[in-house]
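**Q** any chance you could fold what I've pasted below:
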Amino acid sequence: MKIDWAALGSVFGVSLVVTVGLVALFTLGIMGLSRRERAVAEGDSAPLAVAGAYVAFAGCAAAVAYGISLIMNKA
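**A** Okay, here's the model as predicted:
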């Protein structure tokens, strides 16, 4: 059995980048919701922060759905 180390390294690199990207996107969503909580506590509204949070969470959901579709189409 031969191991294709270049392919293994490529898979590792792509999975690392995608994981870090998803964590960053989810963190932006959490920060947007936190900003809304702070604005509500101060008596203001933060519609842009909430919209940004929803967009970030939708991006996370789309990335997960795309990953699942890649797995399902390969089977």
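**Q** dead centre of the protein: give me the residue that sits there.
**A** residue 22 (2.7 Å; C-alpha atoms, centre = their mean).
**Q** and that residue, what element?
**A** Take DSSP states H and E as the rule and residue 22 turns out to sit in helix 5-42.
**Q** give the buried residues for that helix.
**A** 25, 28-29, 32-33, 35-36 (16 or more other C-beta atoms under 10 Å). Where C-beta positions appear, they are placed from N, C-alpha and C, glycine not excepted.
**Q** per-residue pLDDT, residue 39?
**A** Among the per-residue scores, residue 39 shows a pLDDT of 86.
**Q** how much space separates it from residue 56?
**A** According to C-beta to C-beta, to the nearest Å, residue 39 and residue 56 sit 17 Å apart.
**Q** try residue 23
**A** Remark: distance between residue 23 and residue 56 (C-beta to C-beta) = 11 Å.
**Q** contacting residues for the closest residue to residue 53 other than its chain neighbours?
**A** Leaving aside its chain neighbours, residue 53 sits nearest to residue 32 (3.0 Å; criterion: C-beta to C-beta, 6 or more residues apart in numbering). Applying C-beta atoms under 8 Å, 6 or more residues apart in numbering, one finds that residue 32 lies in contact with 49-50, 52-54, 56.
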